[in-house]
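**Q** Sharing a model that was predicted from the sequence below.
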Amino acid sequence: MSSKKADKRPEARLPKGMRDIEAPELRAMERMLGTIRRVYESYGFEPLDTPAFEYTDALGKFLPDQDRPNEGVFSFQDEDEQWLSLRYDLTAPLARYVAQNFDGLPKPFRRYQTGPVWRNEKPGPGRFRQFTQFDADTVGTDNVAADAELCMLAADAIEALGIPRGSFVIRVNSRRILDGVMTAAGLGEDENARQRLTVLRAIDKLDRLGIEGVRELLGAGRKDESGDFTKGAGLNAAQIAAIEAMFGFSITVETGADGLRTPKTEGQFPKGFPSIADVPALNEGLTEVGQIIALVEAADYGDRVRFDPTVVRGLEYYTGPVIEAELTFEATDESGAPVRFGSVGGGGRYDGLVSRFKGTKIPATGFSIGVSRLYSALQALGKLETDAVSGPVVILAMDKARLGDYNRVARTLREANIRAEIYLGTSGMKAQMKYADKRGAPCVVIQGGDELARGEVTIKDLIEGDRLSGEIADHQAWREGRPAQFSVKENELVEAVRSVLARHAKASG
RNA sequence: GCCGCUGUAGCUCAGUUGGUUAGAGCGCUAGAUUGUGGAUCUAGAGGUCCCCUGUUCAAGCCAGGGCAGCGGUACCA
């Protein structure tokens, strides 16, 4: 029988696409962020933090013809009716910060930043509405050395996290190459803007759908397994062949007698289309990617960074080189099904983002790691020490009148750098033992009337006790035998606890 | 947004052609055991059978509508 009162109780539940992160993951995540931070710091980037929300117009998310914030971002109105939005990445707030503080900043300005971002989209497996990014950006230079550096930074960060060389690749392309190819294919005019977007989306899906699927999307369209039809770009066979020709473009680096490296590009369109040298955007794009490849090869990153004309990235603001960090190994999930991790980070050059706020041109380039995705990958690779922190030593509250003494015991352990806590509940000894077990305590400290009278403390090694329990079937014997416990004088407490901790550190290491 | 699948205890699930008081395992709480986490045994708590409407003497089961979750797809700064 449910009362009306009960019906009014709120349901304890998470908003969809949100999640709680508990101690083991939180600790592993923090170690991971520390590793990435050290790499970013080593390249000279400075930390910056900005607020979770910004004025919506500063984030640049207005629909062209509507006075309301775009869907996809969480927005609300301030008391003065101005629209505010939760940040959906860390780049837009950076652009605002740089524009606002431009005169006082060193140029180029280099900063790193991590924190949660929010997107109001349908959540999926491994996709949440709140997630963490870790960005490094260089603002105020159009030097491709900045883009090349980001490729190396990405490789260093991923490797520092324990992903071995050969299990990941940093793929580089340029938006100008894509634009040039589309121009060559006859899609350069303004009226083809929509078609160009469709073409980019189709190319972006090459790794997932294969060449056949991309052909369908470039042509009439494609029907997926669920029966849903995706309209294609409507290109003719010759145009499709021209786009496909791009997949064969290559860049090689030649080292001359003087030790200087010169990039050499190769590729050609089918008959009836211009040569690549005759399309300015394409030429510039290949040149800048060639320079990046030459720079990373000179620094011995050539095995981890390579040109890939199918990299597209976001459609909205990239203007030059685009980079994507991809994991190339496969793993299996709990049910044994294969999982591909794919992209764990990306970025590129966005020359228009800061300029939105100022009249002058301020080029910028950046790279962003998708922290949660990378975390799942590390987990699948077994590169996370999730149990690196053991539970605290639990001091049993045997006698309430003696809480003062127990506090002294706790303090002694803490001063010796040992995590320790007094049982703070009100239940009896049995429940306290269960509590210590559940907390993952390596041992408990027992000081009841017997020990007090002798000036001693009893230490029970829970891990050793658990092991011994396998050999004891009879509960009476288990209980009365008091396995894995011993008593020492009060002043030997720290030493005794340390010996227990050391025993298990060895056993697990 | 579109397509498909699934909704029964905290979790995983069973539930007969529609038939009385809806079950199991695990988990949880307590006792056997007043100073001992495991094992064993016993007991207990825990249910809007997703919601609404309909069919029927009778609905967890049938029909219609809705909602939610999952999977795929689209979009993704």
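**A** In hand now; what should we look at? Owing to the predicted nature of the structure, the values given are computational and were not obtained by experimental measurement.
**Q** what does the stretch of helix or strand residue A:476 belongs to contact?
**A** Using DSSP states H and E, residue A:476 sits within helix A:475-481. Helix A:475-481 is contacted by residues A:469, A:472 when judged by Cβ atoms under 8 Å, 6 or more residues apart in numbering. The C-beta positions use only the backbone N, C-alpha and C, and glycine is treated the same way.
**Q** Run a quick neighbour tally on whichever residue of the stretch 301-450 of chain A sits closest to RNA strand B.
**A** RNA strand B sits closest to residue A:314 of the stretch 301-450 of chain A, with a gap of 1.7 Å, by Cβ to the nearest atom of the strand. Counted by other Cβ atoms under 10 Å, the residues lying close to residue A:314 total 15.
**Q** Can you name the residues that contact it?
**A** Applying Cβ under 8 Å, 6+ apart, no residues qualify as near residue A:314.
**Q** Sketch out the low-pLDDT regions of the stretch 401-509 of chain A for me.
**A** Where the stretch 401-509 of chain A drops to pLDDT under 70, the residues are A:506-509.
**Q** any idea which element the residue nearest to residue A:275 when sequence neighbours are not counted lies in?
**A** Sequence neighbours aside, residue A:268 is the residue nearest to residue A:275 in space, at 6.4 Å (criterion: Cβ to Cβ, 6 or more residues apart in numbering). For residue A:268, there is no host helix or strand (DSSP H and E).
**Q** distance of residue A:268 from residue A:278?
**A** 11 Å (Cβ to Cβ, to the nearest Å).
**Q** again, but for residue A:216
**A** For residue A:216, the distance to residue A:278 - Cβ to Cβ - is 30 Å.
**Q** For the residue nearest to residue A:275, give me its contacts.
**A** A:245, A:275, A:276.
**Q** can I get the CA coordinates of the helix holding residue A:476 in PDB?
**A** What follows is helix A:475-481, C-alpha atoms only, in PDB (Å, rounded to 0.1, in the frame of the first residue of the first chain):
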ATOM      1  CA  HIS A 475      33.500 -21.700  12.300                       C
ATOM      2  CA  GLN A 476      34.300 -22.400  15.900                       C
ATOM      3  CA  ALA A 477      37.900 -23.100  15.000                       C
ATOM      4  CA  TRP A 478      38.100 -20.000  12.700                       C
ATOM      5  CA  ARG A 479      36.700 -17.800  15.500                       C
ATOM      6  CA  GLU A 480      38.700 -19.100  18.400                       C
ATOM      7  CA  GLY A 481      41.900 -19.700  16.500                       C
END
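**Q** Just name whatever secondary elements the next helix or strand after that helix is in contact with.
**A** Next helix or strand after helix A:475-481 toward the C-terminus (DSSP H and E): strand A:485-489. Packing contacts for strand A:485-489, counted by 3 or more Cβ pairs under 8 Å, 6 or more residues apart in numbering; DSSP states H and E, involve strand A:456-461, helix A:493-508.
**Q** Tabulate those (TSV), appending mean neighbour count.
**A** Below are those laid out as TSV (neighbours: other Cβ atoms under 10 Å):
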stretch	mean neighbour count
strand A:456-461	22
helix A:493-508	15
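**Q** out of these, nearest to residue A:193?
**A** Of all the helices and strands packed on strand A:485-489, helix A:493-508 sits nearest to residue A:193, with 59.6 Å by Cβ to Cβ.
**Q** Could you list the residues in contact with the closest one?
**A** Applying Cβ under 8 Å, 6+ apart, the external contacts of helix A:493-508 come out as A:390, A:393, A:409, A:412-413, A:416, A:418, A:442-443, A:445, A:457, A:459, A:461, A:463-464, A:486, A:488.
**Q** now the angle from that helix to strand A:485-489?
**A** With axes from the mean of the first three to the mean of the last three Cα atoms, to 10 degrees defining the directions, helix A:493-508 sits at 150 degrees from strand A:485-489.
**Q** Contacts (any at all) between RNA strand B and helix A:493-508?
**A** No: judged by Cβ under 7 Å from any atom of the strand, helix A:493-508 stays clear of RNA strand B, getting no closer than 11.3 Å.
**Q** Now that helix - C-alpha only, CSV.
**A** What follows is helix A:493-508, C-alpha atoms only, in CSV (Å, rounded to 0.1, in the frame of the first residue of the first chain):
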residue,chain,number,x,y,z
LEU,A,493,52.3,-0.3,17.1
VAL,A,494,53.7,1.6,14.1
GLU,A,495,56.4,-0.9,13.5
ALA,A,496,54.0,-3.8,13.7
VAL,A,497,51.5,-2.1,11.3
ARG,A,498,54.3,-1.3,8.9
SER,A,499,55.4,-5.0,8.9
VAL,A,500,51.9,-6.0,7.9
LEU,A,501,51.7,-3.4,5.1
ALA,A,502,55.1,-4.4,3.9
ARG,A,503,54.2,-8.0,3.7
HIS,A,504,51.3,-7.3,1.4
ALA,A,505,53.1,-4.7,-0.7
LYS,A,506,55.6,-7.5,-1.5
ALA,A,507,52.9,-10.1,-2.1
SER,A,508,51.1,-8.0,-4.6
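**Q** In the record's domain split, what are the boundaries for chain A?
**A** Annotated domains of chain A cover A:23-52+A:87-187+A:235-381, A:393-508 [automatic domain parsing].
**Q** just for chain A, where's the confidence low?
**A** Chain A contains residues with pLDDT under 70 at A:1-10, A:61-70, A:225-227, A:315, A:331-339, A:385-389, A:506-509.
**Q** farthest residue from the center of it?
**A** Centroid-distance maximum for chain A: residue A:453 at 55.9 Å, with Cα atoms, centre = their mean.
**Q** Residue A:305 pairs with what?
**A** Applying DSSP bridges to residue A:305 gives these bridge partners: residue A:170.
**Q** Give me the distance between it and residue A:479.
**A** Relative to residue A:479, and taking Cβ to Cβ, residue A:305 is found at 63 Å.
**Q** The two: which is more packed in?
**A** Between residue A:305 and residue A:479, residue A:305 has the larger neighbour count (other Cβ under 10 Å), namely 24 against 10.
**Q** What distance do you get for the more buried one to residue A:110?
**A** As judged by Cβ to Cβ, residue A:305 and residue A:110 stand 20 Å apart.
**Q** who's the closest residue to residue A:52 other than its chain neighbours bridged to?
**A** Using Cβ to Cβ, 6+ apart and skipping the chain neighbours, the partner closest in space to residue A:52 is residue A:86 (5.9 Å). As for beta bridges, residue A:86 partners with residue A:53 under DSSP bridges.
**Q** Right, I'll leave it there.
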